[in-house]
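# predicted model and sequence follow; I will ask about them next.
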Amino acid sequence: MEKNDSIFIAGHRGLAGSAILRRLTAEGFTRLLTRTRAELDLTNSAAAEEFFGREKPAIVVVAAARVGGIKANNDEPVEFLIENLQIQNNLIRAAHESGVRKLLFLGSSCIYPRLAPQPIPESALLGGPLEPTNEAYAIAKIAGIKLCQAYDREYGANFISAMPTNLYGPNDNFDLVTSHALAALLRKAHEAKTSGARELVVWGSGKPRREFLHVDDLASACVFLLQKYDSPEIINIGTGADLTIRELAELICEVVGFTGDLAWDASQPDGTPRKVLDISKIRSLGWLPTIPLREGLIRTYDWFRQQAV
């Protein structure tokens with residue numbers, strides 16, 4: 001990958017895409033292509049084909065997707081399945097037809113079975129039933145992986161797929177209905193502190209274990225893989241370390257400065273009991289995360305407060 005390569009970042013306003021855009025800009029890449037949803041509807045195959053035919057990017061990062069937390073995934077499986085299939089099918093097909101040299105497809109750790117071995121190796125894919133609460137999203141992402149691998153096998157396309165763990169950081173979604181656990185907890189803690197509440201209600205039991213990766217670490221891994229990795233086999237991106245949701249909530253309260261009590265709403269779903277990725281594959285290539293969770297939470301909370309001003 002050269003500094004003057006034309007690189008299209010699909011989903012550049014989202015959590016992952018915006019971080020990748022920042023990283024590429026910081027590293028001196030000068031021909032970065034972006035389009036908002038209003039400018040380019042990626043669910044429209046004709047629009048995607050026209051864009052790729054005109055711009056002919058050399059590199060593509062597929063960070064565009066319909067995303068959400070447990071509630072959004074559970075409530076809208078049709079939309080999560082159809083929209084994600086449309087977006088990735090149109091992008092991957094148009095990329096191949098326009099002669100893209102390399103494509104990075106961003107999947108998700110939810111592609112792995114609910115009861116996968118922990119830490120989860122890449123070989124666990126399709127090894128058992130998925131977590132029901134995000135099954136539709138996971139199936140769409142698995143289909144994207146398999147499409148990239150099919151283009152490699154049939155046409156020799158250099159289309160790679162990376163599986164990030166749970167992400168957080170600037171440009172996260174802090175909407176309490178559609179957000180993921182960390183962002184929702186941070187906002188709830190902030191609002192509880194601001195309102196002087198004595199109690200913060202957290203969904204579930206607090207027992208599930210999760211891994212969290214700052215999105216700037218994800219971006220560094222993506223640029224690393226674009227430069228160093230050419231295999232169609234999937235590769236995990238994470239920290240290799242996890243903590244319970246209770247421990248996460250306590251840490252967020254410390255960062256935010258909320259000193260009240262935590263209450264647990266056991267009527268809400270826990271999701272997968274544990275999810276931490278085996279990152280030995282990417283580590284063996286020479287990449288490691290650099291942002292500790294506490295530091296990342298402080299950065300994220302600072303960003304969140306700036307947006308609220």
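Nice, I can see it. Numbering: from 1, shown residues only.

# tell me where the stretch 51-200 of the chain has strands.
Secondary structure of the stretch 51-200 of the chain, counting by DSSP state E, counting those that start in this stretch: strands at 59-62, 102-106, 159-164, 166-168, 199-203.

# which element is the closest residue in space to residue 41 that isn't next to it in sequence on?
Leaving aside its sequence neighbours, residue 41 sits nearest to residue 47 (C-beta to C-beta, 6 or more residues apart in numbering; 5.3 Å). All C-beta spots, glycine's among them, are computed from the backbone N, C-alpha and C. Per DSSP states H and E: residue 47 is located in helix 45-55.

# need the contact partners of that helix.
Outside of helix 45-55, the residues within contact range by C-beta atoms under 8 Å, 6 or more residues apart in numbering are 6, 8, 33, 35, 40-42, 86, 89-91, 93-95, 97-98, 100.

# which among those end up buried?
For the contacts of helix 45-55, a burial check counting by 16 or more other C-beta atoms under 10 Å picks out 6, 8, 33, 35, 40-42, 86, 89-91, 93-95, 98, 100.

# widest-spaced pair of the residues you listed?
Largest separation among the buried ones among the contacts of helix 45-55 by C-beta to C-beta: 6 and 86, giving 24.1 Å.

# and for the residue nearest to residue 41, the neighbour number?
Around residue 47 there are 16 other residues, counting by other C-beta atoms under 10 Å.

# what do you get for residue 53?
Per other C-beta under 10 Å, the neighbour tally for residue 53 reads 12.

# what's the distance between it and residue 115?
Counting by C-beta to C-beta, to the nearest Å, the gap from residue 53 to residue 115 is 45 Å.

# for residue 56, what are its contacts?
Applying C-beta under 8 Å, 6+ apart to residue 56 gives the contacts 6, 98, 99.

# can you list the weak-confidence ranges in the protein?
Scanning the chain with the threshold set as pLDDT under 70 gives 70, 309.

# got the contact list for stretch 80-92?
10, 42-45, 48-49, 60, 62, 64-66, 68, 72-73, 103, 105, 134, 136-137, 139-141, 143-144, 147-148, 151, 159.
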